[in-house]
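Novice: Got a predicted structure plus its sequence, pasted below:
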Amino acid sequence: MTHAQGEAGQVNWMLTRLGVAVFLSMSVMMLSMYLYRQQGLVEDGAPSEVATLLADLMRYACLLFATPVLFMLGVPILSSAVDQARQHIWSTDALVVLGVAAAFIYSFASTFRGGGDTYFETGCAILIFLTLGRWLEARGRLRASGEIGSLASLTPERVTLNRDGELRVVPAADVRPGDLLVLAAGDRIPADGRIESGRAHVDEQIVSGESRPVVKEPGDAVVSGSLNLDGALWVRATATGSDSTLGRLAALLDDALRSKGRFERLTERLAGAFVPVTIALAITAGALVSRREGTAAGLMASLAVLLIACPCALGLATPLAVWVALGRLASRRVLLRGGEALEALAGVRAVCFDKTGTLTSGAPQVVAFDLVGTVPETDALAIAAGLAATSRHVLSRAICAYAVERGVQVRSIEAPRTEPGRGVLGSTVEGEVVLGNIALIRERGIPVDTQVEGILLRHAAADYTVSLLAVAGRVSGIFAFSETLRPTAREALAALRRDGLATVVLTGDSAARGASIASVLGVPVRSELSPADKLAAIAAMRASSGAVAMVGDGLNDAPALAAADVGIALGCGADLTRETATVCLLGDDPSLVPWLIRVARRTVRTIRMNLFWAFSYNLVGVGLAMTGRLSPVFAAGAMVASSLLVVANSLRLQPDTESRA
């Protein structure tokens, strides 16, 4: 069971206790109203003996109804205060315990003494308001951390295993590495594993952000939480439970929710110092008001100070806003590694992008096909696709995709053979056919004329990779390959510039290729950079613009991500081991970068608004309570209203973080 699921049960139990306490407290309130009326009758000359007898009965009835409220709502607060006191922590619970204890002890004494005012209704109202505030806080925290629950719900409750040739249905928690899982269409995959038999389309959106199903065959890896759409699969489990991809995703999000940033640590220190100061102020207020208006009024003044000064809103100001933002980011498959990551992101003033695998797709695609010689284009493409189909090389896959897009029928190749690192050879009715680099073409004794050389020089200037097709001893076509820009790359960079952020692309590509990319993206591109040069570029950006975020794939650019103030890794997917990245984007959409920076900025702005309100409320409220003119019940209500305002302000982050900040 996750932390979020356990807290959901606690929240429901808190609501149950609160409901019962409200019912009992309503009786206390009605009885207290009679006591106030009885006091008025005595002052008006009503028969005192009857009035006194009824008043005593009402006091004992109030005691009877108020005692369960004290135990149901007060004991958990007392327990928390004691635990924190053992750790030598001044907690806000201590203020509540002192205030409520004072109200109840005074009321107990008045009841058993047979006269005097009672404040059972005040104590009950304080406990109800405080518990209501904490229930609202817990509900807000659950809404913010709901993404953990959604991750946990992706694990099926039961799964079918093949053990010793026998099919058994067992709880998913009992699956161990090495077990053979039997998955039907529509089943969630409960563990990371490798397919031993079967073929199916699998929805891996949970880890990749890719909405299109992926075809999985024997030998392919599958990850926990993904969905088997349409086939039967037999999967050998390799990682289960907390070691699986889904378990590690939930753990990362849970750790981020528990970690504390700079604002939260500051407010905790302030709240800790606030408690002893508040106690001193409450004692002072009680003494001053007692001299002027009597002991009962002094007690109420002290109680009002303790309650109005309770820094509940201060304690909520930072963590709740952070929880909401983290939950919102997690819904878009963006994970942060620490509590300070949001604050660091909000302070970013420049963003550096690695090119390969970040702004580009990483997989080469055919960007040009030059027909040379007399072989018709359709035949040339059909032969090239036939040769490429016999190889698993990335360039071969690109050629096959290029031919399929143009509706070309793949030709059958006789006796195909692969020359590792150089190309593929085979035979057709036309004679020997070759698909490969210039070295393989020359080795086969195929002439390269000036036309072919001119095409090769042109592609080299654009920094394209090339493959040559030769049919019957003559070059018939030249394929040029390049990584293609992701569809949202230009949009992402434009959004960052609109938000006032300096942007630059860092690449090891040639100057010509860099200039080509710069013309398309409309941003500066620094080319021919070594890893050390990229570190120097980040340092220069920091000196000229301020805090720098580096966006890359977290693999070959790991040093650059570590050197930046914030490292953002795209396309983490199931690989959550990229420790140099402060932020992991499970998908590969660069447009998420400006979005998450806006979320961070809006979150920090919300935190500052919350802190301003909390400090202002406490300063004004304590000053008013010190005069003795503030009812403890009103003070408790104001405390809850203040916390509710902070909760509502923080939850505003949830539905509209896409808007510009």
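Specialist: Great, that's in hand.
Novice: Just name the shakiest helix or strand of this protein by mean pLDDT.
Specialist: Using mean pLDDT, DSSP states H and E, helix 146-152 stands out as the lowest-scoring helix or strand of the chain, at a mean of 56.
Novice: After that one, heading C-terminal, what element do we hit next?
Specialist: Scanning forward in sequence from helix 146-152 by DSSP states H and E, the next helix or strand is strand 158-163.
Novice: buried sites along that next one?
Specialist: Neighbour counts over strand 158-163 (16 or more other C-beta atoms under 10 Å) mark Val159, Leu161 as buried. All C-beta atoms are positioned from the backbone trio N, CA, C, and that covers glycine.
Novice: What mean pLDDT does it get?
Specialist: Averaging pLDDT along strand 158-163 gives 87.
Novice: That one packs against which elements?
Specialist: Using 3 or more C-beta pairs under 8 Å, 6 or more residues apart in numbering; DSSP states H and E as the contact criterion, the elements in contact with strand 158-163 are strand 166-171, strand 180-183.
Novice: how about the CA coordinates for it, as PDB?
Specialist: Output of strand 158-163 as PDB, limited to C-alpha atoms (Å, rounded to 0.1, in the frame of the first residue of the first chain):
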ATOM      1  CA  ARG A 158      -4.200 -10.800  -9.300                       C
ATOM      2  CA  VAL A 159      -2.200 -12.300 -12.100                       C
ATOM      3  CA  THR A 160      -1.900 -15.700 -13.800                       C
ATOM      4  CA  LEU A 161       1.400 -17.600 -13.500                       C
ATOM      5  CA  ASN A 162       2.700 -20.700 -15.200                       C
ATOM      6  CA  ARG A 163       4.400 -22.700 -12.500                       C
END
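Novice: ok, back up a step: quick one: closest of the helices and strands packed on strand 158-163 to Val367.
Specialist: Closest to Val367 of the helices and strands packed on strand 158-163, according to C-beta to C-beta: strand 180-183, at 39.9 Å.
Novice: can you give me the angle the next helix or strand after the closest one makes with strand 158-163?
Specialist: Sequence order places strand 192-198 as the next helix or strand after strand 180-183, per DSSP H and E. Angle, strand 192-198 to strand 158-163, by axes from the mean of the first three to the mean of the last three C-alpha atoms, to 10 degrees: 60 degrees.
Novice: elements contacting strand 192-198?
Specialist: With contacts taken as 3+ C-beta pairs under 8 Å, 6+ apart, strand 192-198 sits against strand 180-183, strand 221-222, strand 233-239.
Novice: What residues of it count as buried?
Specialist: Quick answer for strand 192-198 (16+ other C-beta under 10 Å): Asp192, Gly193, Ile195, Gly198.
Novice: for those residues, which one is nearest Ala638?
Specialist: The closest of the buried residues of strand 192-198, once distances to Ala638 are taken by C-beta to C-beta, is Asp192, at 52.0 Å.
Novice: pLDDT score assigned to Gly315?
Specialist: Value listed for Gly315 in the pLDDT field: 68.
Novice: hmm, I was thinking of Ala144
Specialist: We have a pLDDT of 54 for Ala144.
Novice: tell me which element the residue nearest in space to the middle of the chain is part of?
Specialist: In the chain, the residue lying closest to the centroid (C-alpha atoms, centre = their mean) is Ala330, at 3.1 Å. Following DSSP H and E, one finds Ala330 within helix 319-331.
Novice: Gly567 too?
Specialist: strand 566-570.
Novice: May I have that strand as CSV, with CA atoms only?
Specialist: Written as CSV, here are the backbone C-alpha positions of strand 566-570 (Å, rounded to 0.1, in the frame of the first residue of the first chain):
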residue,chain,number,x,y,z
VAL,A,566,18.8,22.4,-13.4
GLY,A,567,19.3,19.3,-15.5
ILE,A,568,16.3,18.2,-17.6
ALA,A,569,16.4,14.7,-19.2
LEU,A,570,13.9,14.0,-22.0
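Novice: What are the buried residues along the host helix or strand of Met541?
Specialist: Using DSSP H and E, Met541 maps to helix 531-545. For helix 531-545, the neighbour count (16+ other C-beta under 10 Å) marks Lys534, Leu535, Ala537, Ile538, Met541, Arg542, Ser545 as buried.
Novice: re earlier: buried stuff in the helix or strand that comes right after the helix holding Ala330?
Specialist: Using DSSP H and E, the helix or strand that directly follows helix 319-331 along the chain is strand 334-336. By neighbour count on 16+ other C-beta under 10 Å, the buried set for strand 334-336 is Val334, Leu335, Leu336.
Novice: Let me have these in TSV, extended by pLDDT and distance to Ile105.
Specialist: Output for the buried residues of strand 334-336, formatted as TSV (pLDDT from 0 to 100; distance: C-beta to C-beta, whole Å):
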residue	pLDDT	distance to Ile105
Val334	83	52
Leu335	80	50
Leu336	81	47
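Novice: Between the residues you listed, which sits nearest Thr240?
Specialist: Leu335 (20.7 Å).
Novice: Pretty sure the closest one sits against Ala251.
Specialist: No. Taking contacts as C-beta atoms under 8 Å, Leu335 lies outside contact range of Ala251: 10.1 Å.
Novice: Could I get the full set of strands for the stretch 401-550 of the chain?
Specialist: Shown for the stretch 401-550 of the chain, the strands assigned by DSSP state E, counting those that start in this stretch span residues 414-419, 423-428, 431-436, 465-471, 474-485, 502-506, 525-526, 548-552.
Novice: do you know which of the ones you listed lies nearest Met33?
Specialist: The nearest among those, by C-beta to C-beta, is strand 548-552 at 61.5 Å.
Novice: Keeping just the C-alphas, turn that closest one into PDB.
Specialist: Only the C-alpha atoms of strand 548-552 are listed here, as PDB (Å, rounded to 0.1, in the frame of the first residue of the first chain):
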ATOM      1  CA  VAL A 548      20.900  27.800 -16.500                       C
ATOM      2  CA  ALA A 549      18.800  24.800 -17.300                       C
ATOM      3  CA  MET A 550      20.300  22.100 -19.600                       C
ATOM      4  CA  VAL A 551      18.000  19.900 -21.600                       C
ATOM      5  CA  GLY A 552      19.300  16.600 -23.000                       C
END
